[in-house]
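> fold the following for me, if possible:
(one chain, ligands or ions: 2)
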Amino acid sequence: MKKQVAVLPGDGIGQEVLNGALDVLKAVEDQYGHEFEIVQGKIGGAAIDHHGTPLPRETLDLCKQSDAVLLGAVGGPKWEDNPVDLRPEKGLLGLRKELGLFANFRPVKTFESLQDASPMKPSVVKDVDFVIVRELTSGLYFGEPRERRGKNREIAVDTLQYEKKEIEKVVHKAFQLASERRKKLTSVDKANVLESSRMWREVVNEVATEYPTVEVEHLLVDAAAMKLVYQPKQFDVIVTENMFGDILSDEASMLTGSLGMLPSASLREDTFGVYEPVHGSAPDIAGRNLANPLGMIQSVAMMLRHSFGLHEEAEMIDQAINEVLKAGYRTGDLSGHEKIHPVVKTDEMSDFVVE
Ligand code: NAI
Ligand code: MG
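Ligands and ions are numbered 1, 2, ... in the order given. The predicted structure is shown next:
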């Protein structure tokens, strides 16, 4: 198989975790005789420094010409005080919007061998396996107006807006996913307070009639946050608004032991996708070869599965990760309380996976 993959390292640990992920992709290429042509682009702070904008036209074109995109992470203190349009995060939001990637799949699956890395009890985290489907191109992060007003700019406004068809699209994706899995969909909203959530709930109930085999449950987001750490095994697919999904997935990451473990796929109707770890640019550990590359590497597996239909190859990556963790290797974030495992660097971890 021959495919073009756009690679956007971004900032901070983005480049570090991507290096290892590309080594893993190369190993798949060699072993299975595929050809993945890698084309590099800039996004976020790196693009601001180089092109004066967080999402240069040429980066967007590169992504549009490619079959899939691998992205590291964006952001950092260097650009924190920039005006809104010159912030790294604006590049990422723009990329998702421009490419129409309305559904963000964030699988949360715990590894048996990592039970000691999670701060939660083994009985709680054992066999957790669910997917958060986060709406990605609308909601609170995109609604207009968003502004400061008042004589002394003492009023700040963000807008949580949804069109019915935007909710329908992502809810259909979530139902399809649930019907391929354990057939349970949990929709998370704040329908006791928010008008947009009341419409969200209505749409979920309407779309549900097309998926009679899927059991549907509605949870308010505050209760969902509690149940995620209380009884996470009850979840199969969770579908929710942009910001709720952003927050709940970082919370859920601790079931696996680290934010560095979570991969994601940002998808639309065709097979194209942007694949990136859930974490950010981690300025506190950047440039020191300390980051956990496994969220990024699992994102490569998601790309092989969703964009290229290469299920066996993806399975091989997941198995390799499992073996490496079983053998006891850990990056610092996974070393747990007892510190009984050898702590390895970012590049060593990906080398072990390649091996
Ligand atoms: P963060 O996700 O970068 O880091 C949160 C904490 O988790 C830090 O202590 C970090 O060291 C740790 N961590 C994250 N990834 C790790 C990994 N792979 N291995 C080991 N430890 C890891 O979030 P933070 O610090 O709130 O934000 C930093 C910057 O990243 C900000 O500019 C933010 O806007 C940006 N950001 C970008 C995202 C993206 O590119 N998708 C997502 C989230 C934040
Ligand atoms: Mg986030």
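
> for residue 297, give me phi and psi.
Here is the backbone geometry of residue 297 (degrees, to the nearest 10): phi -70, psi -40.

> sorry, wrong one. I was asking about residue 117.
Torsion angles, degrees, to the nearest 10, at residue 117: phi -90, psi -20.

> got the CA positions of stretch 145-155 in CSV?
Taking Å, rounded to 0.1, in the frame of the first residue of the first chain, the C-alpha atoms of stretch 145-155 are listed here in CSV:
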residue,chain,number,x,y,z
PRO,A,145,-19.5,36.1,19.7
ARG,A,146,-16.4,35.5,21.8
GLU,A,147,-15.2,38.9,23.0
ARG,A,148,-14.3,41.3,25.7
ARG,A,149,-16.7,44.3,26.1
GLY,A,150,-17.7,47.0,28.5
LYS,A,151,-16.0,50.4,29.1
ASN,A,152,-13.1,48.7,30.9
ARG,A,153,-13.3,45.4,29.1
GLU,A,154,-14.8,44.0,32.3
ILE,A,155,-17.2,41.7,30.5
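
> residue 217: how many residues sit nearby?
Residue 217 has 15 neighbouring residues, counting by other CB atoms under 10 Å. C-beta coordinates here come from the backbone N, C-alpha and C atoms, glycine included.

> from memory it sits against residue 188, does it?
No - Residue 217 is beyond contact range of residue 188, at 9.5 Å (criterion: CB atoms under 8 Å).

> so what's residue 213 scoring on pLDDT?
Per-residue pLDDT puts residue 213 at 98.

> how about the nearest residue to it, chain neighbours excluded?
Nearest residue to residue 213 in three dimensions, chain neighbours excluded: residue 183, at 5.6 Å (CB to CB, 6 or more residues apart in numbering).

> dump the residue contacts of the one you found.
Residues in contact with residue 183 (CB atoms under 8 Å, 6 or more residues apart in numbering) are 213-215, 236.

> residue 314 belongs to a helix, doesn't it?
Yes - assessed by DSSP: H, G, I helix; E, B strand; the rest coil, residue 314 belongs to a helix.

> what sits against it?
Contact analysis of residue 314 by CB under 8 Å, 6+ apart lists 301-302, 304-305.

> just the closest of the residues you listed to residue 240, please.
Closest approach between the contacts of residue 314 and residue 240, by CB to CB: residue 302, at 19.3 Å.

> before we move on, the earlier item: between residue 217 and residue 188, which contacts overlap?
Jointly contacting residue 217 and residue 188 under the rule CB under 8 Å, 6+ apart is no residue at all.

> which strand residues bridge residue 108?
Legend: beta-bridge partners of residue 108 under DSSP bridges are residue 130.

> and the residue of the stretch 201-350 of the chain closest to ligand 1?
residue 280 (2.4 Å; CB to the nearest ligand atom).

> quick check: which element contains that residue?
Per DSSP states H and E, residue 280 falls between elements, in no helix or strand.

> for residue 38, same thing?
Assigned by DSSP H and E, residue 38 belongs to strand 35-40.

> repeat that for residue 174.
Assigned by DSSP H and E, residue 174 belongs to helix 164-180.

> can you give me the strands for the stretch 51-200 of the chain?
With DSSP state E, counting those that start in this stretch as the criterion, the stretch 51-200 of the chain has strands at 68-73, 103-109, 129-135, 143-149, 155-159, 184-189.

> hmm, the third one in reach of ligand 1?
No - Strand 129-135 stays out of contact with ligand 1 when judged by CB under 6 Å from any ligand atom, the minimum separation being 11.7 Å.

> tell me the contacts of the residue of the stretch 201-350 of the chain closest to ligand 1?
Neighbour list for residue 280: 12, 73-75 [criterion: CB under 8 Å, 6+ apart].

> tabulate those in TSV, adding columns for distance to ligand 1.
Formatted as TSV, those follow (distance: CB to the nearest ligand atom, whole Å):
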residue	distance to ligand 1
12	7
73	4
74	4
75	2
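
> can I assume residue 94 is in contact with residue 54?
Yes - contact criterion CB under 8 Å: residue 94 and residue 54 qualify, at 7.1 Å.

> assess the claim that residue 24 and residue 352 are in contact.
No - using CB under 8 Å, residue 24 is not in contact with residue 352, being 10.5 Å away.

> between these two, which one's more packed in?
residue 24 (23 against 17).

> how close does that one get to residue 171?
33 Å (CB to CB, to the nearest Å).

> do residue 153 as well
Distance, residue 153 to residue 171, using CB to CB: 37 Å.

> can you pull the residues of the stretch 201-350 of the chain lying near ligand 1?
Residues of the stretch 201-350 of the chain lying near ligand 1 by CB under 6 Å from any ligand atom: 258-260, 276, 279-285, 291-292, 295, 333.

> most neighbours of all these, which one?
Counting neighbours by other CB under 10 Å, residue 291 comes out on top of these with 31 neighbours.

> once you drop chain neighbours, what's closest to the residue nearest the centre of the chain?
Residue closest to the mean C-alpha point of the chain, counted by CA atoms, centre = their mean, is residue 264 at 3.1 Å. Nearest residue to residue 264, sequence neighbours excluded (CB to CB, 6+ apart): residue 106, at 4.7 Å.

> and that neighbour, what is it in contact with?
Taking CB under 8 Å, 6+ apart, we find residue 106 in contact with 131-134, 245, 249, 252, 262-264, 278.

> ChimeraX command for the buried members of those?
Here is the ChimeraX command that selects the buried residues among the contacts of residue 106 (16 or more other CB atoms under 10 Å):
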select :131,132,133,134,245,249,252,262,263,264,278
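
> surely residue 318 touches residue 297?
No - look at residue 318 against residue 297 with CB under 8 Å: they stay out of range, at 9.4 Å.
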